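> predicted structure and sequence below. I'll ask about it afterward.
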Amino acid sequence: MSDKTMTAEEAVSRLESGMTLGIGGWGSRRKPMALVRALLRSDVGDLTVVSYGGPDVGMLAAAGRIRRLVTAFVTLDSIPLEPHYRAARERGAFELTEVDEAMFMWGLRAAAHRMPFLPVRAGLGSDVMRVNPGLRTVTSPYEDGETFVAMPALRLDAALVHVNRADRLGNGQYLGPDPYFDDLFCEAADAAYVSCERVVDTAELTKEAAPQSLLLKRHTVTGVVEAPNGAHFTSCAPDYGRDEAFQKRYATTAWPQFAARYLAGDERAYQSAVGEET
């Protein structure tokens with residue numbers, strides 16, 4: 001067992017243009033924003049991004065880093081439609097594959113189990129099949145003869161996720177109300193990089209919460225990045241809630257101005273700029 005700790009920059013240095021990149025979290029909740037910011041400071045682009053989208057997608061889309069997006073939605077939660085994503089989509093900046101939330105989950109699950117697809121009822125009778133003509137259906141071989149959508153596996157070259165706590169070996173713990181499928185992102189990926197609010201000794205993980213909160217298993221994690229406030233401005237309950245004032249500033253600021261103000265320096269510069277305004 002080895003020490004997997006690294007910096008955000010070291011994690012991003014292992015990514016390459018053209019990869020399929022999964023990003024955990026949900027909307028504007030527990031997104032690995034420190035890793036996304038490090039990615040934006042790199043020259044990695046031409047990405048296929050797989051995400052229950054939030055500002056991670058909005059920022060990467062605005063910066064022109066996405067070639068194709070696979071998603072069920074892109075939202076800031078308290079702001080229903082992510083504005084920078086919307087602007088990029090309206091100008092045709094990337095290809096979009098939009099599926100039902102449950103289909104997305106089963107695509108990750110298929111990849112995690114190294115299956116080519118998994119059958120799911122979600123999507124039947126909806127326009128999901130019309131706007132995704134490449135999707136296929138399968139018929140049960142048993143007496144029921146039921147028809148299902150054959151959701152293809154969402155295989156990932158790499159995944160980025162954020163949790164509350166992790167140890168140096170790659171075990172990751174969430175302390176909030178929802179795992180947001182971050183375990184599936186890691187299991188579906190060839191390499192997974194996990195940022196966390198705090199790196200702790202393995203024994204401390206079960207002192208703070210029940211063993212069931214140990215969401216990420218070390219064998220699925222490639223690197224661990226300690227990143228306090230690393231989900232900002234999204235929420236990371238119970239450590240902190242969403243920074244609604246900053247999110248509104250992000251949503252109402254033109255991308256070039258936002259990037260120049262908050263993304264020109266390193267993560268310490270970002271956190272310092274945020275601190276000056278709160």
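Yes, it's here. Numbers count the residues shown, from 1 in each chain.

> got the contact list for P55?
28, 31, 33, 36, 76, 82, 84, 233-234, 247, 250 (Cβ atoms under 8 Å, 6 or more residues apart in numbering). In this view, the C-beta of every residue, glycine as well, is placed from N, C-alpha and C.

> local confidence estimate at it?
P55 carries a pLDDT score of 98 in this model.

> related to what we said a few turns ago, now the contacts of P55: which count as buried?
Buried members of those, counted by 16 or more other Cβ atoms under 10 Å: 28, 31, 33, 36, 76, 82, 84, 233-234, 247, 250.

> and Y142, how many neighbours?
Y142 has 7 neighbouring residues, counting by other Cβ atoms under 10 Å.

> pretty sure it is in a helix, no?
No - if the criterion is DSSP: H, G, I helix; E, B strand; the rest coil, then Y142 is coil and not within a helix.

> can you pull out the strands in this protein?
Ranges of strands in the chain, per DSSP state E, are 20-23, 47-51, 66-71, 95-98, 117-120, 136-139, 147-152, 156-166, 172-173, 189-199, 214-216, 223-226.

> count the neighbours of G107 for me.
Counted with other Cβ under 10 Å, G107 comes out at 24.

> residue contacts, it?
Per Cβ under 8 Å, 6+ apart, neighbours of G107: 70, 99, 118, 151-154.

> cool, and F104?
52, 70-72, 154.

> pLDDT score for it?
For F104, the predicted pLDDT is 98.

> now swap in the one 4 residues further on and tell me
According to the per-residue confidence, L108 scores 98 in pLDDT.

> wait, isn't it in contact with L184?
Yes - the pair L108 / L184 is scored as a contact, 4.0 Å apart, by Cβ atoms under 8 Å.

> what separates the closest residue to L214 other than its chain neighbours from N229, distance-wise?
Sequence neighbours aside, Q173 is the residue nearest to L214 in space, at 5.4 Å (criterion: Cβ to Cβ, 6 or more residues apart in numbering). Distance, Q173 to N229, by Cβ to Cβ, to the nearest Å: 17 Å.

> quick one: which of these two has more around it?
Neighbour totals were compared for Q173 and N229, and Q173 leads with 25 against 18 (other Cβ under 10 Å).

> ok so, going back, ok, the contacts of P55 vs P256, which is closest?
H84 (11.1 Å; Cβ to Cβ).

> contact partners for that closest one?
55, 58-59, 61-62, 251, 255.

> quick check, pLDDT for it.
pLDDT at H84 comes out at 98.

> can you report how many residues lie near R30?
Neighbours around R30, by other Cβ under 10 Å: 28.

> follow-up on the earlier one: against T5, how distant is the residue nearest to L214?
15 Å.

> you'd agree S28 is up against E244?
No - the pair S28 / E244 is not scored as a contact, 9.4 Å apart, by Cβ under 8 Å.

> now do the shared contacts for the two.
S78.

> ok, what's across the strand from the residue nearest to L214?
R165, L214 (DSSP bridges).

> dump the longest helix anywhere in the chain to PDB, keeping only the CA atoms.
For the chain, the longest helix by residue count, based on DSSP state H, is helix 101-112. The C-alpha trace of helix 101-112 is given here as PDB (Å, rounded to 0.1, in the frame of the first residue of the first chain):
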ATOM      1  CA  GLU A 101     -30.700  10.700 -15.000                       C
ATOM      2  CA  ALA A 102     -31.300   7.000 -14.400                       C
ATOM      3  CA  MET A 103     -29.800   6.100 -17.800                       C
ATOM      4  CA  PHE A 104     -26.700   8.100 -16.900                       C
ATOM      5  CA  MET A 105     -26.400   6.200 -13.600                       C
ATOM      6  CA  TRP A 106     -26.700   2.800 -15.400                       C
ATOM      7  CA  GLY A 107     -24.200   3.900 -17.900                       C
ATOM      8  CA  LEU A 108     -21.700   4.500 -15.100                       C
ATOM      9  CA  ARG A 109     -22.700   1.200 -13.400                       C
ATOM     10  CA  ALA A 110     -22.200  -0.700 -16.700                       C
ATOM     11  CA  ALA A 111     -18.700   0.800 -17.000                       C
ATOM     12  CA  ALA A 112     -17.900   0.000 -13.300                       C
END
